[in-house]
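K.L.:
Fold the following.
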Amino acid sequence: MHAVPHEGGGDRESATRTAVVAGGIDLAITLAALLAAHSAVILADFCKTSLEFMAVLLAWITIRRIQRGVNHQFDYGVGKLENLSSLIVGLLMFLCLVVIVANAVRSLLHPAHISGVGVWISGVAQVVYAVVNSRLYLQSRRLGRERNSPLLTAQAGLFLTKAVGNGFILLSLALSSLLGAYSWALYIDPAASLIIASSILFAALGIFKNSTLDLLDRTLEENQQIAILRSLAKHFERYEELREIRSRRSGSQVFVEILLGFPPAQPAAEVEAVARELKADLEKEITGSRVTIAIA
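P.N.:
So this is what the prediction gives:
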């Protein structure tokens, strides 16, 4: 059986490609700031940005793979591929968490003032990328909901984390610079890093919660089963017999197969109209569904 191409796949790839380009530029700027500054939080920012860029790049590669595959290679596996990619994004975020926490502990044990022109480079970059990441977050969240895509939902969480991180890093750099005369200001850098680490932890946990169960094929939720029965009841006078209903969820996709019986004398045009209307009703009711109406 050949799969139907995912509607809106071009939107997903375009959004992710934009994120890859923006992330690559962000990574280059963050590296320049790191090389020109002495700051624990900028080092943490570089580590975080590197891992985030890898996550977005992986997402883009996965979406390109899906766009090729849905035309001729697989159907049920598409949803699982998206969920596996989401889990890898989550694993990268946990790795990012470890790096930032380790760096924060080192900075707490050996505190030092921030210095260098890289502090100013980083400050400007935080302002710019707070805006960029906020826009990418809103775009990914909208497309994730429209396409029922766990990969784009994972990206939305990643961009939100990045935008929050931009704000905290900017605040940290500003306070460290303005309050440098106070000894306790030495601990602003590592404290800000730990706050960023906490936001990454919550985002990563959310990804694992949303994606792990979807890797397993399973029956539909009760409300979706009721939606199927409701649609069948709506057309019950137009077919003679309901012979079989088969349904399953695979990743973000829902597959429904219904076998109906019709009177021999019923015109073929009317039979096709019933099947077409029932299919349209169900695919409208159940997000991300693929409905097949078989005629006995």
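
K.L.:
can you list the weak-confidence ranges in the stretch 1-150 of the chain?
P.N.:
Scanning the stretch 1-150 of the chain for pLDDT under 70 picks out 1-13, 15, 59, 62-63, 65-87, 89, 147-150.

K.L.:
Just the local confidence number for the residue in the chain sticking out farthest from the centre, please.
P.N.:
Relative to the mean C-alpha coordinate of the chain, counting by Cα atoms, centre = their mean, the farthest residue is residue 265 (50.5 Å). pLDDT for residue 265: 81.

K.L.:
got it, and the one 5 residues further on?
P.N.:
What the model reports for residue 270 is a pLDDT of 86.

K.L.:
List the contacts of it.
P.N.:
residue 238 (Cβ atoms under 8 Å, 6 or more residues apart in numbering). (Each C-beta comes from the backbone N, C-alpha and C, glycine too.)

K.L.:
repeat that with 10 Å
P.N.:
Applying Cβ atoms under 10 Å, 6 or more residues apart in numbering, we find residue 270 in contact with 238-239, 262.

K.L.:
Quick check, pLDDT for residue 219.
P.N.:
At residue 219, the model reports a pLDDT of 56.

K.L.:
List phi and psi for residue 112.
P.N.:
phi -150, psi 160 (degrees, to the nearest 10).

K.L.:
Just after the helix or strand containing residue 227, pick out the following helix or strand.
P.N.:
Residue 227 is part of helix 222-234 when elements are defined by DSSP states H and E. As assigned by DSSP H and E, the chain's next helix or strand after helix 222-234 is strand 241-250.

K.L.:
quick one: average confidence on that next one?
P.N.:
For strand 241-250, the per-residue pLDDT averages 74.

K.L.:
between it and helix 222-234, how big is the angle?
P.N.:
For strand 241-250 against helix 222-234, the angle by axes from the mean of the first three to the mean of the last three Cα atoms, to 10 degrees is 150 degrees.

K.L.:
Please shift the residue numbers so they start at 9 in all later answers.
P.N.:
All set: I'll call the first residue 9, so the last point we hit is now strand 249-258.

K.L.:
so how far is strand 249-258 off the chain centroid?
P.N.:
Put simply, strand 249-258 sits 30 Å off its chain's centre (Cα atoms, centre = their mean, to the nearest Å).

K.L.:
elements contacting that strand?
P.N.:
helix 85-117, helix 230-242, strand 261-269, strand 297-303 (3 or more Cβ pairs under 10 Å, 6 or more residues apart in numbering; DSSP states H and E).

K.L.:
quick one on the thing from earlier: just the buried positions in the helix holding residue 235, please.
P.N.:
Under the neighbour-count criterion of 16 or more other Cβ atoms under 10 Å, helix 230-242 has 232, 235-236, 239-240 buried.

K.L.:
TSV for the residues you listed, including pLDDT and distance to residue 114?
P.N.:
Output for the buried residues of helix 230-242, formatted as TSV (pLDDT from 0 to 100; distance: Cβ to Cβ, whole Å):
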residue	pLDDT	distance to residue 114
232	73	50
235	77	54
236	80	57
239	80	60
240	81	63
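
K.L.:
would you list these in CSV and tack on distance to residue 55?
P.N.:
Converted to CSV, the buried residues of helix 230-242 look like this (distance: Cβ to Cβ, whole Å):
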residue, distance to residue 55
232, 42
235, 46
236, 48
239, 51
240, 54
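
K.L.:
Residue 110: which of the residues you listed is nearest?
P.N.:
Nearest to residue 110 among the buried residues of helix 230-242 is residue 232, at 44.5 Å by Cβ to Cβ.

K.L.:
check contacts around that closest one.
P.N.:
Contacts of residue 232 (Cβ under 10 Å, 6+ apart): 255, 257, 262, 264, 290, 293-295, 297.

K.L.:
Tell me what angle the helix holding residue 235 forms with strand 261-269.
P.N.:
Going by the same axes, to 10 degrees, helix 230-242 makes 30 degrees with strand 261-269.

K.L.:
quick one: helix 230-242 to chain centroid distance?
P.N.:
Counting by Cα atoms, centre = their mean, helix 230-242 comes out at 29 Å from the chain centroid.

K.L.:
what is the orientation angle of that helix with strand 297-303?
P.N.:
Using the same axes, to 10 degrees: helix 230-242 against strand 297-303 is 40 degrees.
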